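*Asks:* here is a sequence together with a model predicted from it:
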Amino acid sequence: MNVDDRPVIIVGYTAGWKYVAERYHRQTATLFVDTPTAAREKNLVAVLAAADASCRLIVTEYEEEDAAARFHREYRGRPPAAVIPGIEYTVPFAARLAELFGLPGAGARAADPLRDKWLLRQVTADSDVRSPVSRTVSAPQDVRALMAEVGGPVVLKPANRQGSIGTRIVRTPDDVDDAWAECVVQEHAAMAAQSIVPVRMLAESHLRGPEFSVELLVHDGRTLFRNVTAKSLFPGDRPVELGHTVPADITAAAQARLHTATETVLETIGFESGFVHCEWIVVDGEPHLVECAGRMPGGSIVKLVELAWNVDITREYLSVMRGSAPSTALPEHPTGGAASWFLSAGPGEVVRLDGVLKAADSPGVSSVELLVGIGSLTRSPRSGRDRVGSVIAADRNGAGARQRARDAAALIDIGVRPTP
């Protein structure tokens, strides 16, 4: 079989990955692997049938222990060209399946720590990677015990979920019961719907400092491309991302420390090939690990990288996952800046949307996306899923792009009528 004729497997559907299939795989088949729940709730059969590419759905519970082996036994006569993890929960399955087909991937050894923050803490504990003090917790008293141990606020969060669901800064012992009820009890349904793996909650010492993410493209343990993104957060006790800026406006030495720290994580866990998105808080000049994902990032970061660096990093990632060298020399420095700024609304029903066209026509703005319409229900941001839209802008550098994105976002007025 000709290599170009083999299908590409993407594990975990998102609209972004459907766009990738339509842009890059129109001459070959794309097989989306997803769970029965996702297939039903996202109406994936109909969605993929309407795609402008040859897309097909394979339904399986990819988080079951032997899922990759069962899938390989059924499809080993039809080997794919690449196996791509589309979302956080698919990283272990995709890594194991790639190994079984003899294709590039994160590697089974690295996949589980990339999926579970507690495992990542354990694996990197004896390395040079700095991390917050972290404990697994199963009741409010466990959270209070860590607060007494560290002598200050902690962050309560799930070890094995994505998008900041169930994450909150707990500042005093009196806040613990309320935080537990909100993060564990009230948001349990959202966490359970995302993954069949039982949720594991962590409490970690609250670190104070600027936040960044490092994006690396890696082939056989060798870094081919590096980027540092600066993060802005919504105010309050929910660490939900408000904006991203590429490149981060920091010194070359600070960038180098973040690069080195990320590569130390990957070396420690034995990461082989793929894309990583590693999040850090810098305390007194030293990066401290928040989490590391073995997939391409969300939050429009890929778009920002491609704008600021003038590189089709998605195409190069797909080449690496097919076992090929990048199609072009990858840049070492960005040519400009790009930034995203997210929109939010208070709790209620959307009754007014103004200023969208004016924002889209603002200097440097490349896109405006609204995720709500008149009648949509909104709530104050507790996780990434509560953001209601975004603005992306470009400029000569990251700081200028961030200002343009913020200015354009400020033009958008989302009127909300409070509801019970």
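*Replies:* Cool, got the structure.

*Asks:* list the buried residues of stretch 310-321.
*Replies:* Of all the residues in stretch 310-321, those buried under the rule 16 or more other CB atoms under 10 Å are Val311, Asp312, Ile313, Thr314, Glu316, Tyr317, Leu318, Ser319, Val320, Met321. (C-beta placed from N, C-alpha, C; glycine too.)

*Asks:* how about a markdown table for these, with secondary structure added?
*Replies:* Output for the buried residues of stretch 310-321, formatted as a markdown table (DSSP: H, G, I helix; E, B strand; the rest coil):
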| residue | secondary structure |
| --- | --- |
| Val311 | coil |
| Asp312 | coil |
| Ile313 | helix |
| Thr314 | helix |
| Glu316 | helix |
| Tyr317 | helix |
| Leu318 | helix |
| Ser319 | helix |
| Val320 | helix |
| Met321 | helix |
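
*Asks:* now, which of these sits nearest Leu258?
*Replies:* Ile313 (17.9 Å; CB to CB).

*Asks:* what residue spans form the domains of the protein?
*Replies:* 3-103, 133-205, 215-335, 339-420 (automatic domain parsing).

*Asks:* which of the buried residues of stretch 310-321 lies closest to Thr419?
*Replies:* Thr314 (39.6 Å).

*Asks:* given the strand of greatest length in the chain, what are its sheet partners and their directions?
*Replies:* The residue-count maximum for a strand in the chain (DSSP state E) belongs to strand 222-233. Applying DSSP bridges, strand 222-233 is found paired with strand 211-219 (antiparallel), strand 241-246 (antiparallel).

*Asks:* now do the buried residues in the next helix or strand after the last one.
*Replies:* For strand 241-246, the following helix or strand on the C-terminal side (DSSP states H and E) is helix 252-269. By neighbour count, and taking 16+ other CB under 10 Å as the criterion, the buried residues in helix 252-269 are 254-255, 257-259, 261-266, 268-269.

*Asks:* just send the strands paired with strand 222-233 back as CSV, with mean neighbour count and distance to Trp17 too.
*Replies:* Compiled in CSV, the strands paired with strand 222-233 are given as follows (neighbours: other CB atoms under 10 Å; distance: least, CB to CB, whole Å):
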stretch, mean neighbour count, distance to Trp17
strand 211-219, 23, 17
strand 241-246, 25, 19
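
*Asks:* circling back to that earlier point, now the longest strand of the chain: buried residues?
*Replies:* Here strand 222-233 shows Leu224, Phe225, Arg226, Asn227, Val228, Thr229, Ala230, Lys231, Ser232 as buried, counting by 16+ other CB under 10 Å.

*Asks:* can I get that strand in CSV, CA atoms only?
*Replies:* What follows is strand 222-233, C-alpha atoms only, in CSV (Å, rounded to 0.1, in the frame of the first residue of the first chain):
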residue,chain,number,x,y,z
ARG,A,222,15.1,15.6,19.7
THR,A,223,13.5,19.0,19.8
LEU,A,224,12.8,20.4,16.3
PHE,A,225,10.8,23.5,17.3
ARG,A,226,10.4,25.6,20.5
ASN,A,227,7.9,28.3,21.5
VAL,A,228,7.0,30.1,24.7
THR,A,229,3.5,31.5,25.2
ALA,A,230,2.6,34.0,28.0
LYS,A,231,-0.7,33.4,29.7
SER,A,232,-3.1,35.9,31.3
LEU,A,233,-5.8,34.7,33.7
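
*Asks:* and the angle from it to helix 252-269?
*Replies:* Here the directions of strand 222-233 and helix 252-269 differ by 120 degrees (axes from the mean of the first three to the mean of the last three CA atoms, to 10 degrees).

*Asks:* strand 222-233 - what's its average pLDDT?
*Replies:* Mean per-residue pLDDT for strand 222-233: 97.

*Asks:* check the offset of the helix or strand hosting Ile58 from the chain's centre.
*Replies:* For Ile58, the host element (DSSP H and E) is strand 54-59. Centroid displacement of strand 54-59 relative to its chain, using CA atoms, centre = their mean, to the nearest Å, is 23 Å.

*Asks:* identify each buried residue in it, please.
*Replies:* So strand 54-59, judged by 16+ other CB under 10 Å, has buried residues Ser54, Cys55, Leu57, Val59.

*Asks:* kindly report the same for stretch 67-85.
*Replies:* Ala67, Ala68, Phe71, Tyr75, Pro80, Ala81, Ala82, Val83, Ile84, Pro85.
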